[in-house]
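Asker: show me how the following folds:
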Amino acid sequence: MKTSNAILRRDFHRLRHNVAALLVLAGICLLPSLYAWFNIGANMDPYGNIDRVKIAVVDLDRPVEYGERQVDVGKTVLENLKKNDQLGWTFVDENRAIGGVRSGAYYAAIVIPEDFSASFLSIVKGEEIQFPTLNYYVNEKKNAIAPKITSSGLEALEEQINSNFVATTSEILADELAKLSGDFIATGEVQKDSALHALTQVQWNVAAYGESLRNMDEKLARMDSMTAAVRADIAGLDAAVKKGQISLAESRTLLENIRRESENVLAAYDDIVEDINAMANVGNAYTGRKYTALDGELGRIENRFSIGLQNFQEINALNRSILGDLESIDPLPAESKPLNVLEQWQNINARNGTILADIEKQSELLDDALGELDRSHGAIQKRLRTVSDENNATRDKVGANVRLLLEQNFDMLNRVNARFSGTLSSMPLLLDEFDQVLEEMEYLTKESRNTVAAGLESLASAEAGIEGLRTDLAQLGRGPLYEKLLSLPNIDAKRFSAFMGDPVVIEEHTIYKSDNYGSAMAPFFTDLALWVGGMILISILKIDVDKDEEIADFTAADAFLGRWKLFVILGQIQALVVSVGDLWLLKVQCVHPVLFVLTTLISSFAYVSIIYALTVTFRNIGKAMAVILLILQIPGSSGTYPIEMMSNFFRSLYPFLPFHYGIDGLRETMLGIYTPHFLQDWGILISYVPLSFLLGIYGPKLLRSVSRTFDAKLAESELIHAEYPHEKEPIRGDFILALLAGDEAEKEKIRQKHARFFHRYERKKTLAFLSIFAIPLVFLVLMFSMESKIRYLVIWVVTIILLAIYLIVLELRRFRYRRQQRLMAMDEDELLLYVKGNDAYEDDF
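Answerer: Reported below is the predicted structural model:
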């Protein structure tokens, strides 16, 4: 540290006694400030002179008549633009406007076509909508920013025209609305009473339909219960028929038995004549019992059949009543479900009539059969009594009389049995068909009741809706909406149109307000001036520290720190001048002026350290790196445009660029501090300083050969300033020992290695230089054909840097091999003098 301070004191001592150097340093400290001040001053209020940007305006619009008013949108636009001084509106004819844009007399031109107003009113007239069109001509060659300004003027004009259109159409609509509201007030009460009367009538009709549906539902319910009862009777009747069929079968068996027994009796008549009377009595008793049983079963069948017939007649009568109700309802649509139900009821009614006629016919046949059975039974009993009475008197005639009696009665009983058997056989089929009809009637009754229930529900909903509508209609004349409607004839059309044209009022709340554009741009130009100031220092002042009697020896770290202190002090003077000038000369807006100056000093401290470390480490290449960093930081530090608007390449670099934190820190002090961000900016700026120390102290040792070789080649050009490091580049010990030992084999091996290198050297160098010129052409073609131009630009630059490094390494090897060849040509004494450090050989190597 003591040595570095001594170096700094010596530098100031030299400057103090050199007026020319002091003048140069004064210029170095002032020049960056001039760069910042002129740029900030030029941008202090550029939009204050925006009225000098000329825009030609041409009105070709023709007025359009609508009702009692004349609409001329073009004229209205011109009148408004004449009152607008935000841009240099110039009103000329069409040819002069377009020609002026081509010649550069106007930055842009706006032409309002002839059908502009007509297109506006197309929506009001109910015609096919035509969008109004403005013809906009712009000269983008004259200036990069002017088209954006003129475009914003066009957008403002478009917004004004849209607002005018809304206001005009709103005024027309307001007038029409006032007229319509007057007509409504004149006729509204009459129409309301008529509507209430109609709703009341509809409500009555709906109530009547509901009552009819409820009566129909009751009838259907009765029919459902009666159908179930009839189906139960049919089940019992079917069982009775089966018993009747069994009784008839038994009677047939009885007749056959009587016939056999009679034949046996007649065959043995002579032997058992005494038993005839007893036999007749037995037959009479037996016939009586069977007749009683058969008569009882047939009576029960007839009774149940009569009950079933009566119930079916009642169902049929109820069916005809429901059919009459359905036919009395108003005609329904052909596809409606109720109409299908009516047709089914009509079909059932027709089938019921047919079945009823068949049942009545069968009932008559059953009555006839019962009467004939009664008559036959009486005749049989009478004749049996006659036979019994006559048997004692006329025993001789018994055989003939018995045969005759049996034959006649057997024939009569067979006829009766056959008629009953046919009647009972047809009864199950008839009962099955009757049961199927009743089953269909049950299903149809159920569906009809569901339909009636749905109808009642719909009618209830309709009644509620009609009642609500009547209530709303009755309240219409007493509500606030009606009161507002009554006030429509007095509406102010002009005020209404003004509101519709501009209905929204924006209340702007600015956080960290900037008074002018110059103050907003001051952080960027101030930071840029600080970096430029550091580059000027590096370009004019020497970076290498020399030895003299006062400072005979020092280390690389002492040399770095001693000269770094001089650079930093001059950088701080630059920062102080530019920051005070911003505040005092330009009067930029600044909430925290002291912190503003401190932030400027910290930024310069970091920037000068970075530039100085790059230059000490990479020499002239380091200066080029500082320029490249400046180029990258101008678009990539969010100084002018938001970083979100930049490409992915710059957004990825943004967190690592020093400008980012320097500009943001100055903005915090000028417009208002957000403490976490402000402390972060200061912290990261200061962190660049130790990183620069590491690079500047240890980097040169690693790159000494490259730097020395590169500077030597630059010095050969005698056009570019180059500085040499004071330490000689060390020579490999094994190489020196081999030379001093006189090892010819090792020397021959080194000579062959040199020969191979120099044989290929020119070709490698030529290819590298050709690549430096050829590769940019390839990437230039790719940049024109591809969208990602920034990516190819970066690859291009990286490729050039790699080729440059390759050439530097190639030249370094050439330099070393040349030096080795010259050392190999020395004798032992000359070699020893070189190793001891004799300066006589310094210029040769």
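
Asker: does H509 count as helix, strand or coil?
Answerer: On the three-state scheme (DSSP: H, G, I helix; E, B strand; the rest coil), H509 is labelled coil.

Asker: ugh, wrong one, I meant S122
Answerer: helix.

Asker: distance-wise, check it relative to D115.
Answerer: S122 is 9 Å from D115, where distance means C-beta to C-beta, to the nearest Å. For glycine as for every other residue, the C-beta is placed from the backbone atoms N, C-alpha and C.

Asker: anything in contact with each of the two?
Answerer: Common neighbours of S122 and D115, using C-beta atoms under 8 Å, 6 or more residues apart in numbering, are Q130.

Asker: all strands of the chain, in order?
Answerer: With strands called from DSSP state E, the chain shows them at 54-59, 64-66, 69-71, 88-91, 108-112, 135-138.

Asker: pretty sure I611 contacts M535?
Answerer: Yes. Applying C-beta atoms under 8 Å as the test, I611 and M535 come out as touching, 6.1 Å apart.

Asker: picking that back up, now the strands of the chain in TSV, with distance to T150?
Answerer: Below are the strands of the chain laid out as TSV (distance: least, C-beta to C-beta, whole Å):
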stretch	distance to T150
strand 54-59	6
strand 64-66	29
strand 69-71	28
strand 88-91	10
strand 108-112	4
strand 135-138	6
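
Asker: what's around A20, how many residues?
Answerer: By other C-beta atoms under 10 Å, the residues close to A20 number 7.

Asker: before we move on, what about the one 10 residues further on?
Answerer: L30 sits with 16 neighbouring residues when counted by other C-beta under 10 Å.

Asker: how many residues are close by the residue lying closest to it once chain neighbours are set aside?
Answerer: Leaving out its chain neighbours, the residue that sits closest to L30 by C-beta to C-beta, 6 or more residues apart in numbering is V577, at 6.5 Å. Residues within reach of V577, counting by other C-beta under 10 Å, total 21.

Asker: list the contacts of V577.
Answerer: Contacts for V577 (C-beta under 8 Å, 6+ apart) come out as C29, L30, P32, S33.

Asker: how much space separates L833 from F659?
Answerer: Computed with C-beta to C-beta, the distance linking L833 and F659 is 52 Å.

Asker: between those two, who's got more neighbours?
Answerer: For L833 versus F659, the count of surrounding residues by other C-beta under 10 Å is larger for F659: 25 against 13.

Asker: what's near enough to touch the nearest residue to that one once chain neighbours are set aside?
Answerer: Nearest non-adjacent residue to F659, counting by C-beta to C-beta, 6+ apart: S637, 3.5 Å away. Contacts for S637 (C-beta under 8 Å, 6+ apart) come out as F524, D527, I643, Y654, L657, F659, H660, I663.

Asker: redo that, cut-off 10 Å
Answerer: By C-beta atoms under 10 Å, 6 or more residues apart in numbering, the contact set of S637 is 524, 527-528, 643, 646, 650, 653-654, 657-664.

Asker: go on, V92?
Answerer: Shown in contact with V92 (C-beta under 10 Å, 6+ apart): A56, V57, V58, I98, G99, G100, A105, Y106, A109.

Asker: and which of those residues is nearest S603?
Answerer: Y106 (43.1 Å; C-beta to C-beta).

Asker: what's the pLDDT at the closest one?
Answerer: On the pLDDT scale, Y106 is placed at 90.

Asker: next up, the contacts around it.
Answerer: Y106 neighbours (C-beta under 10 Å, 6+ apart): 53-57, 88, 90, 92, 96-100, 137-139, 142, 150.

Asker: tell me which helix or strand in this structure has the weakest average pLDDT.
Answerer: Of all helical and strand segments in the chain, the minimum by mean pLDDT, DSSP states H and E falls on helix 480-486, at a mean of 50.

Asker: low pLDDT regions in the stretch 351-500 of the chain?
Answerer: Residues of the stretch 351-500 of the chain meeting the criterion pLDDT under 70: 351-438, 440-445, 447-449, 452, 455-456, 458-459, 461-463, 465-500.

Asker: then stretch 568-587 to CSV, C-alphas only?
Answerer: Extracted in CSV, the C-alpha atoms of stretch 568-587 (Å, rounded to 0.1, in the frame of the first residue of the first chain):
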residue,chain,number,x,y,z
VAL,A,568,-10.3,6.7,-9.8
ILE,A,569,-9.6,10.2,-8.5
LEU,A,570,-9.9,11.7,-12.0
GLY,A,571,-13.1,9.6,-12.5
GLN,A,572,-14.5,11.0,-9.3
ILE,A,573,-13.8,14.6,-10.5
GLN,A,574,-15.7,13.7,-13.8
ALA,A,575,-18.6,12.4,-11.8
LEU,A,576,-18.7,15.4,-9.5
VAL,A,577,-18.7,17.8,-12.5
VAL,A,578,-21.4,16.1,-14.4
SER,A,579,-23.7,15.5,-11.4
VAL,A,580,-23.4,19.1,-10.1
GLY,A,581,-23.9,20.4,-13.7
ASP,A,582,-27.1,18.3,-14.0
LEU,A,583,-28.5,19.9,-10.8
TRP,A,584,-27.2,23.4,-11.1
LEU,A,585,-27.0,24.1,-14.9
LEU,A,586,-29.8,22.0,-16.3
LYS,A,587,-32.0,22.1,-13.2
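
Asker: buried sites along it?
Answerer: For stretch 568-587, the neighbour count (16 or more other C-beta atoms under 10 Å) marks 568, 570-579, 581-583, 586 as buried.

Asker: of the contacts of Y106, buried ones?
Answerer: Buried members of the contacts of Y106, counted by 16+ other C-beta under 10 Å: 53-57, 88, 90, 92, 97-98, 100, 137-139, 150.

Asker: which of those residues has the weakest pLDDT?
Answerer: Out of the buried ones among the contacts of Y106, that is T150, at 72.

Asker: what domains does the record give for the chain?
Answerer: Domain ranges of the chain: 1-45+516-701, 189-476, 728-845, per automatic domain parsing.

Asker: where among those is average confidence lowest?
Answerer: domain 189-476 (a mean of 62).

Asker: once you drop chain neighbours, what's closest to V794?
Answerer: Of all residues not flanking V794 in the chain, F649 sits nearest, at 6.1 Å (C-beta to C-beta, 6+ apart).

Asker: can you tell me how far A460 sits from M625?
Answerer: Counting by C-beta to C-beta - A460 and M625 are separated by 90 Å.

Asker: more neighbours: those two, which one.
Answerer: Ranked by neighbour count (other C-beta under 10 Å), A460 and M625 place M625 first, with 17 against 12.

Asker: list the contacts for the nearest residue to that one once chain neighbours are set aside?
Answerer: Among residues not flanking M625 along the chain, L614 sits closest, at 5.0 Å (C-beta to C-beta, 6+ apart). Listed by C-beta under 10 Å, 6+ apart, the contact set of L614 reads 538, 621-626, 628-629, 692, 695-696, 699.

Asker: state the pair within the residues you listed that is farthest apart.
Answerer: Spanning the widest gap among the contacts of L614 are I628 and G696, at 18.1 Å by C-beta to C-beta.

Asker: okay, those two: which has more neighbours?
Answerer: G696 (26 against 13).

Asker: so what's the closest residue to I673 other than its chain neighbours up against?
Answerer: Nearest residue to I673 in three dimensions, chain neighbours excluded: H592, at 6.4 Å (C-beta to C-beta, 6+ apart). Applying C-beta under 10 Å, 6+ apart, one finds that H592 lies in contact with L598, T599, E668, T669, M670, L671, G672, I673, F678.

Asker: nearest to G562 among those residues?
Answerer: Closest approach to G562 among those (C-beta to C-beta): L598, at 25.7 Å.

Asker: just checking, that closest one touches E668?
Answerer: No. Applying C-beta atoms under 10 Å as the test, L598 and E668 come out as separate, 11.5 Å apart.

Asker: sorry, back to before: ok, which of the strands of the chain comes nearest I40?
Answerer: Between I40 and these, the shortest separation by C-beta to C-beta is 25.4 Å, and it involves strand 88-91.

Asker: so what strands line up beside that closest one?
Answerer: Strand 88-91 has the following strand partners under DSSP bridges: strand 54-59 (parallel).
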